[in-house]
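Peer 1: Here is the input, now give the coordinates:
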Amino acid sequence: MAQPSLIWIVDDSKTQRAVTQVALGSGHRFEHFEDGASVLERLVTAQPPDLILMDWMMPGLGGDEICRFLRANPKTRDVAVILLTSRVESDDVVTALESGANDYVSKPFVPQVLRARVALALRASRLKREADLERRRVTTINELGRALFAVGTEVDAILGELASALATKLCDGCAVVLLPGPMPSQVVSRHRFGHAALLSSLATITEPMVHAFASSEEALAKLPATAASYIQQCGLRGLASMSLPVRGLVHGIVTVTRDDPEPPFDAGDLAAIQTCLELTGLAIEAAIRSEFERATNRFHEEMVGIVSHDLRTPLGAISSCVELLGDQSCDTPTKEGILGRIGNTTRRMTAMVDQLLDVTRTRLGTGIPVSRTTTGLLGIVADVLDEVRLTFRATTFQHLGEDVEGSWDSDRLGQAISNLASNAAQYGPPRGTVTVETSVIDDAASIVVRNENGGAPISEAQLRTMFDPFKRGDGTGHAKGLGLGLYIVQEIIRGHGGTVVATSDQTGTMFRILLPIEQSKAQAQLHGS
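Peer 2: I've put the predicted structure just below:
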């Protein structure tokens, strides 16, 4: 509920001040002043009143001089002023109005007339304030829209424009918190008077809400103790926490404040702030779509380039083999060798196509399909190592650890372990050892694949990107295939609800897979019987 209007009564007669207050009734708040100098002193430390009712003829500064001062000061230029005067000649009335008074009332006044003139001045002043406030709201929305259009697709810059617009036009403080998700967490704070650091204590409130406080004491009583520093330093009067609408792509919270002597937020303020948030949400959505489109274009360009390059070699080999088979001088043993080479090359191309199909599924959002059955890691690892030994005959492969049972896709999990073991052998030293170790760690199945480094460890920069698609080796001559193996490993493990990480030091490189152990109902019942 709005407070009653504050009226300053300025008159050198104490009796006249009392009579004026009685005539106006009890529906207002009053402060009394005996001269113009007292009014000017009070304005230094206080907010202007809603109306000043002032005697024209006073010792020292007269009412008309006070009016001219008020109109020259940006802080008080819109304060309603009514002069009380016994000077009712036409020239005197013109002088009073030209000095900046909104109206005048002749003395002795009729109480009903005084009340009507005061009510009219207060109503006109209120309507002007509301119009100015609405103009400021609309201007803020328009300026923010233009700023968001100009700033482009940088999300941190978008959040900065929102916080700056709100903190300088509609609020005193604004903190925007972007929670972790598809985009990294971000915090942007702005405060009109430089108290942005204090906003962190209020930005922890993540539930949508609106508070209005009549005093700092009320704010201290209602809010958590962590907000005390802000309240004590800024005099919190209004607090609102609102969601940033970005249609499920990211989750953000915007916290805005109004500090003493500003009033709490009203419905018009909140509607304007919400409009600003919606504009910002649209800008963030556009930025995310733009980044996704750029990433997709880069992906397609890389895929077309690499596939074109990597398929050209086996296709050339098949073409050469076909020509040799057509040679009449080619004997049977040679033809058998050529057919074997065609078979190997065809299988290599088929593996490339299968990898591309897996990657396409992940890019379309469907993910690599996983068909779970109850299975043990011991059999999966044994089959994988038997296969990779045929390809890497100089490498020693060994399995350590225990058998672990869970609900997994044995074929896909074998594909992931095979990719890691092959990668370890390919980048390890000649005649090196690749170890696959299985165990249980905190109710999760652990699969560790490690080798011995043939040289320096993998750099931190390479480790950060090695699971990205089309990342192939380190330029040392080991790179083969499309560079999709580790990316597919990550997607297979993600499809099982697990994680895979890589580390590297002077002793070797290690990949660790952690999988949730999800036994089938039948297996669980068997163990429980």
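Peer 1: mean confidence for stretch 484-503?
Peer 2: The pLDDT scores in stretch 484-503 average 86.
Peer 1: In CSV, could you pull the C-alpha coordinates for it?
Peer 2: Output in CSV follows, covering the C-alpha atoms of stretch 484-503 (Å, rounded to 0.1, in the frame of the first residue of the first chain):
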residue,chain,number,x,y,z
LEU,A,484,36.7,-40.7,-34.7
GLY,A,485,37.7,-43.7,-32.4
LEU,A,486,38.0,-41.8,-29.1
TYR,A,487,34.9,-39.7,-29.9
ILE,A,488,32.9,-42.9,-30.4
VAL,A,489,34.4,-44.4,-27.2
GLN,A,490,33.1,-41.3,-25.3
GLU,A,491,29.6,-41.6,-26.9
ILE,A,492,29.4,-45.3,-26.1
ILE,A,493,30.3,-44.8,-22.5
ARG,A,494,28.0,-41.8,-22.3
GLY,A,495,25.2,-44.0,-23.7
HIS,A,496,25.8,-46.4,-20.7
GLY,A,497,25.6,-43.4,-18.3
GLY,A,498,29.3,-43.6,-17.5
THR,A,499,32.4,-41.4,-18.0
VAL,A,500,35.8,-41.8,-19.6
VAL,A,501,38.9,-39.6,-18.9
ALA,A,502,42.5,-39.6,-20.0
THR,A,503,45.7,-38.8,-18.2
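Peer 1: how far out from the middle of the chain is that stretch?
Peer 2: From the chain centre to the centre of stretch 484-503 is a distance of 27 Å (Cα atoms, centre = their mean, to the nearest Å).
Peer 1: Quick check: residue 487 vs residue 277, distance?
Peer 2: Look at residue 487 and residue 277: by Cβ to Cβ, to the nearest Å, they are 37 Å apart. C-betas here are computed from N, CA, C, even on glycine.
Peer 1: actually residue 430, not the one I wrote
Peer 2: Going from residue 430 to residue 277 by Cβ to Cβ gives 61 Å.
Peer 1: Check residue 152 too.
Peer 2: Going from residue 152 to residue 277 by Cβ to Cβ gives 19 Å.
Peer 1: Of the two, which one has the most company?
Peer 2: Between residue 152 and residue 277, counted using other Cβ atoms under 10 Å, residue 277 has the larger neighbour count: 22 against 12.
Peer 1: right, and the more buried one touches residue 244 too?
Peer 2: Yes - with contacts counted by Cβ atoms under 8 Å, residue 277 reaches residue 244, the gap being 5.8 Å.
Peer 1: which neighbours do the two share?
Peer 2: Common contacts of residue 277 and residue 244 (Cβ atoms under 8 Å, 6 or more residues apart in numbering): residue 254.
Peer 1: how many other residues sit next to the nearest residue to residue 403 once chain neighbours are set aside?
Peer 2: Once flanking residues are discounted, residue 403 sits nearest to residue 378: 3.7 Å by Cβ to Cβ, 6 or more residues apart in numbering. Residues lying near residue 378 (other Cβ under 10 Å) number 15.
Peer 1: With just CA atoms, put the one helix or strand residue 378 maps to into PDB.
Peer 2: Assigned by DSSP states H and E, residue 378 belongs to helix 377-391. Included here for helix 377-391 are C-alpha records, laid out as PDB according to Å, rounded to 0.1, in the frame of the first residue of the first chain:
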ATOM      1  CA  LEU A 377      33.700 -57.700 -18.300                       C
ATOM      2  CA  LEU A 378      36.000 -60.700 -18.200                       C
ATOM      3  CA  GLY A 379      34.600 -62.300 -21.400                       C
ATOM      4  CA  ILE A 380      34.300 -58.900 -23.200                       C
ATOM      5  CA  VAL A 381      38.000 -58.000 -22.500                       C
ATOM      6  CA  ALA A 382      39.200 -61.500 -23.400                       C
ATOM      7  CA  ASP A 383      37.500 -61.400 -26.800                       C
ATOM      8  CA  VAL A 384      38.800 -57.900 -27.500                       C
ATOM      9  CA  LEU A 385      42.400 -58.700 -26.600                       C
ATOM     10  CA  ASP A 386      42.300 -61.800 -28.900                       C
ATOM     11  CA  GLU A 387      41.200 -59.600 -31.800                       C
ATOM     12  CA  VAL A 388      43.700 -56.800 -31.300                       C
ATOM     13  CA  ARG A 389      46.600 -59.300 -30.900                       C
ATOM     14  CA  LEU A 390      46.100 -60.300 -34.500                       C
ATOM     15  CA  THR A 391      46.600 -56.700 -35.700                       C
END
